[in-house]
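Chemist: following is a predicted model, sequence given first.
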Amino acid sequence: MSTLEIKDLHASVETESGPREILRGVTLTVRGGETHAVMGPNGSGKSTLAYVIAGHPKYAVIGGSITLDGEDVLDMSVDERARAGLFLAMQYPVEVPGVSVSNFLRTSVTAVRGEAPKLRLWVKEMKGAMEALSIDPSFAERNVNEGFSGGEKKRHEILQLELLKPKIAVLDETDSGLDVDALKVVAEGVNRFQADGTTGTLLITHYTRILRYIHPDFVHVFVDGRIVESGGPELATQLEDEGYERFIKSAASA
């Protein structure tokens with residue numbers, strides 16, 4: 001069982017008027033076998049949290065710590081974090097012209113596992129994962145995210161998740177831009193990833209609709225760069241009924 005531990009995390013981004021603090025003391029622990037949903041309004045800093053965990057150079061950590069199984073994540077480069085077992089499914093996956101999906105996936109798996117998978121076994125493994133996500137086999141020869149629809153990009157992110165098999169997955173608004181059918185397929189992929197009960201998931205979302213298919217153990221309300229309330233799945237139902245207004249007002253008066 002792995003553990004991602006975030007303690008009093010503060011992070012800023014450089015703007016034209018100087019550094020602006022976005023994360024204002026985030027404390028959160030995600031253990032293997034757990035699913036945590038982080039919910040909050042636009043601009044609250046949820047994606048910043050995901051990027052800081054993954055090591056995006058745009059953000060500067062100005063306080064606090066992140067550890068994975070006791071190891072200091074903030075001392076790791078981006079690729080070292082991936083090899084250690086962290087994975088980020090991005091809200092806006094980038095295009096990589098000239099690199100096919102199959103080459104990208106095999107290169108990524110080789111880097112994370114430390115050795116190249118045997119080609120025959122790899123083709124079988126990749127095709128099986130693609131089939132489970134209802135991805136056409138021709139997808140493998142397309143350039144990464146080039147000309148992909150929103151649904152195709154998100155399925156590709158979950159395809160990476162299933163093949164890389166990280167210890168802790170951070171899913172940044174994986175449900176955005178998906179129709180109901182694509183949402184179900186993506187959610188099923190996440191549930192397969194979690195099925196062994198040893199991996200942890202940090203699911204960042206605005207809406208409760210994905211939580212109908214991926215059932216969280218914990219729900220956290222994220223406002224103004226910090227977690228302002230935590231609870232069980234019933235908290236997501238409350239947010240669906242009442243929205244974020246009460247939490248926004250409470251954070252503003254704090």
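Modeler: Sure thing, it's come through.

Chemist: wait, a helix at His174?
Modeler: That one is not His; residue 174 is Thr. No. Looking at Thr174 with DSSP: H, G, I helix; E, B strand; the rest coil, it is coil, so not inside a helix.

Chemist: with adjacent residues omitted, what lies nearest to it?
Modeler: Ala89 (5.3 Å; CB to CB, 6 or more residues apart in numbering). (C-beta placed from N, C-alpha, C; glycine too.)

Chemist: quick one: the helices in this protein?
Modeler: With helices called from DSSP state H, the chain shows them at 46-54, 78-84, 101-113, 119-132, 150-164, 180-194, 233-242, 245-253.

Chemist: and the fourth one, what does it pack onto?
Modeler: The helices and strands touching helix 119-132, judged by 3 or more CB pairs under 8 Å, 6 or more residues apart in numbering; DSSP states H and E, are helix 101-113, helix 150-164, helix 180-194.

Chemist: related to what we said a few turns ago, list the beta-bridge partners for the residue nearest to Thr174.
Modeler: Beta bridges link Ala89 to Leu171 when assigned by DSSP bridges.

Chemist: list the contacts for it?
Modeler: Contacts for Ala89 were tallied using CB atoms under 8 Å, 6 or more residues apart in numbering; they are 154, 157-158, 160-161, 169-172, 174.

Chemist: next, count neighbours for Val94.
Modeler: A count of nearby residues for Val94, using other CB atoms under 10 Å, gives 9.

Chemist: contacting residues for the closest residue to Leu88 other than its chain neighbours?
Modeler: Nearest non-adjacent residue to Leu88, counting by CB to CB, 6+ apart: Ala54, 4.1 Å away. By CB under 8 Å, 6+ apart, the contact set of Ala54 is 78, 81, 86, 88, 170.
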